[in-house]
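K.L.:
whatever this is, show me its structure:
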Amino acid sequence: MLDIKFVRENPEAVKENIKKKFQDKKLPLVDEVIALDEERRLVIAKADTLRANRNKISKEIGALMSQGKREEGMALKEQVTKDAQELEELAKRETQLNEEVTKRMMMIPNIIDDSVPIGKDDSENVEVQRYGEPVVPDYEIPYHTDIMETFDGIDLEAAGRVAGNGFYYLMGDIARLHSAVISYARDFMIDRGFTYVVPPFMIRSHVVTGVMSFEEMDAMMYKIEGEDLYLIGTSEHSMIGKFIDTITPEEKLPMTLTSYSPCFRKEKGAHGIEERGVYRIHQFEKQEMVVVCKPEESPYWFDKLWQNTVDLFRTLDIPVRTLECCSGDLADLKVKSVDVEAWSPRQKKYFEVGSCSNLTDAQARRLKIRVKGEKGNYLAHTLNNTVVAPPRMLIAFLENNLQADGTVTIPEALRPYMGGMDKLVPKK
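P.N.:
Residues are numbered from 1 along each chain as shown. Down below sits the predicted model:
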């Protein structure tokens, strides 16, 4: 969410930013916010004047009564009563205006970074760099669920009977591989100085609206019926919520955290055939990284975060590339975002396995996450990035480490988490 003062003083810049994000339907919000804010300030000024007059009149009433001028004093008392009624009405109107301004401000997108390429959707994202040589072997790479089935490692049919589409049972060596990747990612981030956290897997509605836009909330979040609780779509939600309404001493920054959680997502909309199996699902697990820092440090941490994901995938012999997300592909709170994509030798193309985002002070303003500095309090900057998210990551792992004889090589870095195994051997 933007600073209302910035919107008031830079309406054309805010509108231009909306256009860059191809959200022209939101353009009227800017003028509406400015008009409502102006009325709100007039209401506040009028209320302040009435309070000042009330204090002044109260003293005059006391003086008149002491002088025996009861009739004049009673007339002023009637004026005080009248002013009190008007103050009550003004307070109600101020509350209404606050709600209307906040409602619209929550829908106006954050100002994107100047370096963000302009484009309508993810098809116009820009490749930045490749890491590792993408290889297409001279033998067939089966679909990922077919690879898993050779190890008796997945049961989608039973999951469908139990929970419906978008769920899965992972079993045996594949389930162990799934857990191994999560554990390895946890230790990888701890070794890089991040504090390990297991957060709440449910959050209240005011935290949800503090960390994401209304559009994201509707598309992603599962609500717990009868309670003010939502299942998290990523641990970033509860991790940022951890700092709600806090003031952190400047010397304690940056706070670098890595969190584990299950994630639950509606995944609305139709998806292509390449997104069946365990690619796009309602439940998965993820290792996340979150940083809360000073504003001047957020560009540094942004680059540091996506590089962590690249480094982790390279230790597992998976080629990756980074993509700069274009303006139309950025969620409303994001200022800048880079996707990490893994190579798929079966599809002969890359696919998304993680996303790194700098939200500057957007979440901090909504949730009142402040820093205590030498010259006073100010809003923190927040960033997040995926370390690893199996089972989608398993797709990249299995495809890139599958051998001609059907075995899957386990990279050296992962072997301690697999009981020393150097390969998976098919059971079929």
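
K.L.:
low-confidence regions, this protein specifically.
P.N.:
For the chain, residues meeting the criterion pLDDT under 70 lie at 55, 58-78, 80, 268-275.

K.L.:
for it, longest helix please?
P.N.:
Longest helix of the chain, by residue count under DSSP state H: helix 27-66.

K.L.:
buried sites along it?
P.N.:
For helix 27-66, the buried set under the neighbour-count rule, 16 or more other C-beta atoms under 10 Å, comprises 29-30, 33-34, 36-37, 39-40, 43, 47, 50, 57, 61, 64. C-beta: built from backbone N, CA, C; applies to glycine.

K.L.:
what's it packed up against?
P.N.:
Contacts defined by 3 or more C-beta pairs under 8 Å, 6 or more residues apart in numbering; DSSP states H and E place helix 27-66 against helix 4-9, helix 11-20, helix 70-105.

K.L.:
can you say which of the ones you listed is packed in most?
P.N.:
helix 11-20 (a mean of 16; mean count of other C-beta atoms under 10 Å).

K.L.:
those helices in the stretch 151-300 of the chain, which residues are they?
P.N.:
Using DSSP state H, counting those that start in this stretch, the helices of the stretch 151-300 of the chain run over 156-163, 172-191, 205-211, 214-220, 235-241, 298-315.

K.L.:
nearest to Ala380, of these?
P.N.:
Proximity to Ala380 (C-beta to C-beta) singles out helix 298-315 among the helices of the stretch 151-300 of the chain, at 9.1 Å.

K.L.:
you'd agree Pro109 is in a helix?
P.N.:
No - using DSSP: H, G, I helix; E, B strand; the rest coil, the secondary structure at Pro109 is coil, not a helix.

K.L.:
what sits closest to it if chain neighbours are left out?
P.N.:
Leaving aside its sequence neighbours, Pro109 sits nearest to Asp332 (C-beta to C-beta, 6 or more residues apart in numbering; 4.1 Å).

K.L.:
A helix includes the one you found, no?
P.N.:
No - counting by three-state DSSP, Asp332 falls outside a helix, being coil.

K.L.:
distance check, it against Ile108.
P.N.:
Distance of Asp332 to Ile108, given as C-beta to C-beta, to the nearest Å: 8 Å.

K.L.:
what of Leu305?
P.N.:
Leu305 is 26 Å from Ile108, where distance means C-beta to C-beta.

K.L.:
nearest residue to Tyr139 other than its sequence neighbours?
P.N.:
Ala404 (4.5 Å).

K.L.:
which SSE is the one you found in?
P.N.:
Secondary structure assignment for Ala404, by DSSP states H and E: no helix or strand.

K.L.:
in a markdown table, list the helices and strands packed on helix 27-66 along with distance to Glu227.
P.N.:
As requested, these are exported to a markdown table (distance: least, C-beta to C-beta, whole Å):
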| stretch | distance to Glu227 |
| --- | --- |
| helix 4-9 | 32 |
| helix 11-20 | 35 |
| helix 70-105 | 23 |
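
K.L.:
first to last residue in stretch 384-404, what's the distance?
P.N.:
With C-alpha to C-alpha, to the nearest Å as the measure, stretch 384-404 spans 38 Å from end to end.

K.L.:
could I get the buried residue list for it?
P.N.:
By 16+ other C-beta under 10 Å, the buried positions in stretch 384-404 come out as 384-402.

K.L.:
which stretches of the stretch 201-350 of the chain form strands?
P.N.:
Shown for the stretch 201-350 of the chain, the strands assigned by DSSP state E, counting those that start in this stretch span residues 202-203, 222-223, 230-231, 246-249, 255-264, 283-293, 320-324, 336-344, 349-358.

K.L.:
counting by contacts, list what the second one packs against.
P.N.:
With contacts defined as 3+ C-beta pairs under 8 Å, 6+ apart, the packing partners of strand 222-223 are strand 230-231.
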